[in-house]
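# Model the following, please.
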Amino acid sequence: MKVLQIGMGNNPGGVEAFVMNYYRQLSLKGIRFDFVSMYGEIAFHQEILSLGGQVFLVPNIKKDYFGYVKAMKEILAEGRYDVVHVNMLSAANILPLRLAKEAGVGKVIAHSHNASAPGMLRRILDQWNRPKISRYADVLAACGEKAGRWLFGDQAYEQGQVVLLSNAIDVERFLFSEEKRKAARAKLGLTDGFVIGHVGRFQLQKNHERILEIFRQIQEMEPDVRLLLVGEGELLPKIREKAREYQLEKQIVFAGVRSDVEDCLCAMDVFLFPSLFEGLPFTLVEAQANGLPCVISDRITREVVLDEERVCCLSLENSDTAWAAKVLSYKGCGREEPQITKKRLVAAHFDIHNEADRLLELYNR
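Below you'll find the predicted structure:
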């Protein structure tokens, strides 16, 4: 079976993690994923090639609309794909759905990975295009209820028209290890003190400015606490500059994009995630698999909360001081037994070894 995946970018984030987690499993079952990229080299490019997939580079639709259409039509005509799986952060661009349908692809999937559309133009296009999605897509899929209702509407969700595909992970990989913790802390230059962590692209929705303001308050309460930020993105220079302005640069580790995120999680003591909006964030699934206490915004779907005692949802209207106090309340909390954590994630359908079979069933249906 050949599947064309559309919607991955050049920076490893939630969509990229979803596709690759499933591809690593389904490639073992003879399923081939090919990919379309408008951004030059795609995230996980070399791994995709090693798994037998192809990456097609196409013109950026914003810069060369007709060139994009021409390239996509050629890919669809020559590839003879069984499935086209379009991973969507909004309905601003539904052209891949239409082109796949017009090419006669047997199954076209529209997959919602988000619960908001930032930017005025994107919101306008999103609202304009949403009613057209069901015209082109054979399957409506979403990472969770909130993302499904947002993109496809309450009626479609309540009538059972939306298939939920878990943001599943390799749970074993993310389980806590004391050995990994010591090695990661040494590599990152962290001491034995309390470490607050965050994993996410430096962009508006992740709310790094708020993370910095909360950490600023924490520093006033507990000066020896450190902050570990994993990721890159367009707002990184601004956050670095603000850290210097607040004289916090020595207390913050900017770790960049990492291939050892699981080790970085082991190095942390609490996970801070005050996002403005999300679909169902992979990073919170991974953090909970690691046994980390998490302090998150109430804008995030409760579907991702697996243990009410170790995950606290706070309103973004709460003060930075309140957020800081809650983060520090987890000092000394420690981890639970990793195998207990694993059972919880498997039961909640977040283990990729089980969930990959569900996606394969959907492709074959």
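
# going forward, measure contacts between C-alpha atoms and count neighbours the same way
Noted.

# list the contacts for Val305?
Val311 (Cα atoms under 8 Å, 6 or more residues apart in numbering).

# confidence score at it?
Val305 carries a pLDDT score of 93 in this model.

# gap between it and Leu164?
With distances taken as Cα to Cα, to the nearest Å, Val305 is found 16 Å from Leu164.

# Quick check: pLDDT value at Ile340.
93.

# element containing it?
Using DSSP states H and E, Ile340 falls within helix 338-347.

# which other residues reach that helix?
Contacts of helix 338-347 (Cα under 8 Å, 6+ apart): Val171, Glu172, Leu175, Phe176, Gln288, Ala289, Asn290, Gly291, Leu306, Asp351.

# can you pick the most crowded of those?
Neighbour counts for those (other Cα atoms under 10 Å) peak at Ala289, which has 30 neighbours.

# Next up, phi/psi of it, please.
With angles defined as degrees, to the nearest 10, Ala289 sits at phi -60, psi -30.

# Repeat that for Ser177.
The phi/psi pair for Ser177 (degrees, to the nearest 10) reads phi -140, psi 130.

# what sits against it?
Per Cα under 8 Å, 6+ apart, neighbours of Ser177: Cys266.

# now do 10 Å
Glu262, Asp263, Leu265, Cys266, Ala267, Asn290, Arg335, Pro338 (Cα atoms under 10 Å, 6 or more residues apart in numbering).

# Check the spacing between it and Ser90 real quick.
Plainly put, Ser177 is 37 Å away from Ser90 if you go by Cα to Cα.

# Repeat that for Leu212.
Distance of Leu212 to Ser90, given as Cα to Cα: 28 Å.

# Phe194 is in contact with Gly332, correct?
Yes. Contact criterion Cα atoms under 10 Å: Gly332 and Phe194 qualify, at 8.6 Å.

# any common contacting residues for these two?
Residues touching both Gly332 and Phe194 (Cα under 10 Å, 6+ apart): Asp269, Val270.

# Show me the strands in the stretch 251-365 of the chain, by range?
Ranges of strands in the stretch 251-365 of the chain, per DSSP state E, counting those that start in this stretch, are 252-256, 270-273, 294-297, 311-314.

# and among these, the most buried is which?
Compared across the strands of the stretch 251-365 of the chain, strand 270-273 shows the largest average neighbour count, a mean of 26 (mean count of other Cα atoms under 10 Å).

# In its sheet, which strands sit next to that strand, and in what direction?
strand 195-199 (parallel), strand 294-297 (parallel) (DSSP bridges).

# so for the shortest one, what's the average pLDDT?
The one in question is strand 294-297. 97.

# How about residues contacting that strand?
Contacts with strand 294-297, where a contact means Cα under 10 Å, 6+ apart, come from 196-198, 269-278, 284, 287-288, 305, 307-318, 323-324, 326-327, 330.

# now the end-to-end length of stretch 109-127.
Stretch 109-127 has an end-to-end distance of 19 Å (Cα to Cα).

# Pick out whichever of Leu212 and Ser90 has more residues nearby.
Using other Cα under 10 Å as the criterion, Leu212 and Ser90 rank with Ser90 on top: 25 against 20.

# Okay, that one and Leu175: tell me how far apart.
From Ser90 over to Leu175 the distance is 32 Å, taken as Cα to Cα.

# was I right about Arg240 contacting Leu248?
Yes. Arg240 is within contact range of Leu248, at 9.4 Å (criterion: Cα under 10 Å).

# Are there residues contacting both of the two? Which ones?
Leu212.

# any idea what sits nearest Tyr65, other than its immediate chain neighbours?
Closest residue to Tyr65 apart from its sequence neighbours, by Cα to Cα, 6 or more residues apart in numbering: Pro59 at 7.7 Å.

# Over to that neighbour: give its phi and psi.
The phi and psi values for Pro59, taken as degrees, to the nearest 10, are phi -60, psi 150.

# cool, Ile300 as well?
Dihedral angles for Ile300 - degrees, to the nearest 10 - are phi -90, psi 140.

# of the contacts of Ser177, buried ones?
Listed as buried from the contacts of Ser177 are Glu262, Asp263, Leu265, Cys266, Ala267, Asn290, Arg335, Pro338; burial here means 16 or more other Cα atoms under 10 Å.

# which one among the contacts of Ser177 gets closest to Phe33?
Each of the contacts of Ser177 was checked against Phe33 using Cα to Cα; the closest is Glu262, at 25.2 Å.

# got the contact list for the closest residue to the closest one other than its chain neighbours?
Nearest non-adjacent residue to Glu262, counting by Cα to Cα, 6+ apart: Phe174, 5.1 Å away. Applying Cα under 10 Å, 6+ apart, we find Phe174 in contact with 260-263, 265-266, 285-291, 338, 342.
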